[in-house]
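**Q** just coords:
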């Protein structure tokens, strides 16, 4: 339930989240509802434990919340906790053995070649693509505001971020036929793969092969075909200055470039992570602003003070402290990647518990970000918790929307600039009024998404 009107006067806002129950009740709820939502499986006790077991299942599932233990699992320096087999098998048809799922020397080689393409300079160059995509999307919102037409915040943010990633990666807008086809197939992929098969998770043994839905396989084949065609235009032509051209130019320490197949693998990751994750958090940002006009007004006031009504530069984005903190706080409450699953390759100790070989090890930004030990009033939306004078409230390592350690998301800087710019530009010009906010609940599928599309009325910003 969204608590909005009765909390505005005192500034308290508790955005929607499933009400945690006991492990048994949580399991029965998931079986009854059958909606493939891992959030509903998380028991109340998980939000207070350093390490605990997740409900009841044939396969041992451990949730690791203690920041140092979570870092150990995610960095995987001893090779005990590679990417979870269920996740790898689900993503393999789309991204192959790319940076998103690889481990060890293969991952280190890939990461060293990819990082330069997403450096700070790369974000500076991509800023123009971000701005151009927002320019075009504002025209869509102009029409919605002028006609009083409702929009789906989910679809709106998916379209915007997909356009940004198309322009940044391949110097082409989403409106090109090929880019539009890729976007449509990604929606098919997300709908089918994102649905967590909880019954398989609960009842199947470790390392059992997972058959893929044929619609998923077909969509992945089409996506990879189109990505290959777009790679070929870059391999055959000159004058491109985008992420794809940087990856083509990248060389390993031995001077070896990515193969064509490897390029398609890595670019599949950019499309998957580069638009879906940012779309997820921006959807939640606009939901919050669309239910709390007082927060939206504060965002708009800061943008107008820093940038007026003219173009917003990347330097001005860095000065939008409250806007960036709204984005950070939304990332805390609704981290796009809800669970970071790993698998124990041998029997090992984690805190006071022992994980068997094949145990699923869950590091969950959702749980850690709402953990009672690590955050003050963890369920409340409070962007000011990230102000410098409140740093003492923070627990080191308890904020990990982009992962931690060497495997931190390569596009974290890109996403934060993209998110802040999108919020600033859209909220400066438009008001969003969410319809039926009380019906909105988050679910964990491929990313942290609302269980139903969020419909909102768009109007021109009031002054």
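**A** Structure's in. What do you need? Quick caveat: nothing in here was measured; it's all calculated off a predicted structure.
**Q** hey, let's count contacts and neighbours off CA atoms from now on
**A** Noted.
**Q** if the closest residue to residue 63 other than its chain neighbours is in a bridge, with which residues?
**A** Counting by Cα to Cα, 6 or more residues apart in numbering, residue 362 is the residue found nearest to residue 63 once chain neighbours are left out, at 4.7 Å. Beta-bridge pairing for residue 362 (DSSP bridges): residue 63, residue 341.
**Q** can you verify my assumption that residue 362 contacts residue 340?
**A** Yes. Judged on Cα atoms under 8 Å, residue 362 makes contact with residue 340 at a distance of 5.9 Å.
**Q** compare the two (neighbour count), which wins?
**A** Set residue 362 next to residue 340 and count neighbours by other Cα atoms under 10 Å: residue 362 wins out with 25 against 18.
**Q** mind checking pLDDT for that one?
**A** pLDDT for residue 362: 91.
**Q** so what's it up against?
**A** When the contact criterion is Cα atoms under 8 Å, 6 or more residues apart in numbering, the partners of residue 362 are 61, 62, 63, 64, 339, 340, 341, 342.
**Q** again with residue 404
**A** By Cα under 8 Å, 6+ apart, residue 404 lies in contact with 71, 74, 75, 397.
**Q** same deal with residue 381?
**A** Per Cα under 8 Å, 6+ apart, neighbours of residue 381: 12, 13, 14, 15, 329, 330, 333.
**Q** pLDDT weak spots in the stretch 51-200 of the chain?
**A** 55-58, 120-121, 193-200 (pLDDT under 70).
**Q** show me where it has its helices.
**A** Here the stretch 51-200 of the chain has its helices, by DSSP state H, counting those that start in this stretch, at 67-75, 85-95, 104-114, 120-147, 153-170, 177-193, 198-203.
**Q** which one of those helices is the most hemmed in?
**A** Of all the helices of the stretch 51-200 of the chain, helix 153-170 carries the top mean neighbour count, a mean of 23, counting by mean count of other Cα atoms under 10 Å.
**Q** residues contacting it, please?
**A** So helix 153-170 is contacted by 126, 129-130, 133-134, 137, 172-175, 179, 183, 230, 242-244, 270-271, 274-276, 278-280, 282-283, 286-287, 453-456 (Cα under 8 Å, 6+ apart).
**Q** make a PyMOL selection of the buried ones in the residues you listed.
**A** A single PyMOL command selects the buried members of those (16 or more other Cα atoms under 10 Å):
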select buried, resi 126+129+130+133+134+137+172+173+174+179+183+230+242+243+244+270+271+274+275+276+278+279+280+282+283+286+287+454+455+456
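**Q** just to revisit the earlier point, so which of the contacts of residue 381 belong to helices?
**A** Secondary structure defined by DSSP state H assigns 329, 330, 333 of the contacts of residue 381 to helices.
**Q** OK, contacts around the last one?
**A** Residue 333 makes contact with 366, 369, 370, 379, 381 under the criterion Cα under 8 Å, 6+ apart.
**Q** closest to residue 86 among these?
**A** Comparing the contacts of residue 333 against residue 86 with Cα to Cα places residue 366 closest, at 19.5 Å.
**Q** give me the element that closest one is part of.
**A** Applying DSSP states H and E as the criterion places residue 366 in helix 365-369.
**Q** what do you get for residue 271?
**A** helix 260-271.
**Q** following that helix, which helix or strand comes up?
**A** Next element after helix 260-271 (DSSP H and E): helix 278-291.
**Q** from residue 246, how far out is residue 295?
**A** 39 Å (Cα to Cα, to the nearest Å).
**Q** having no further points to raise, I will conclude here.
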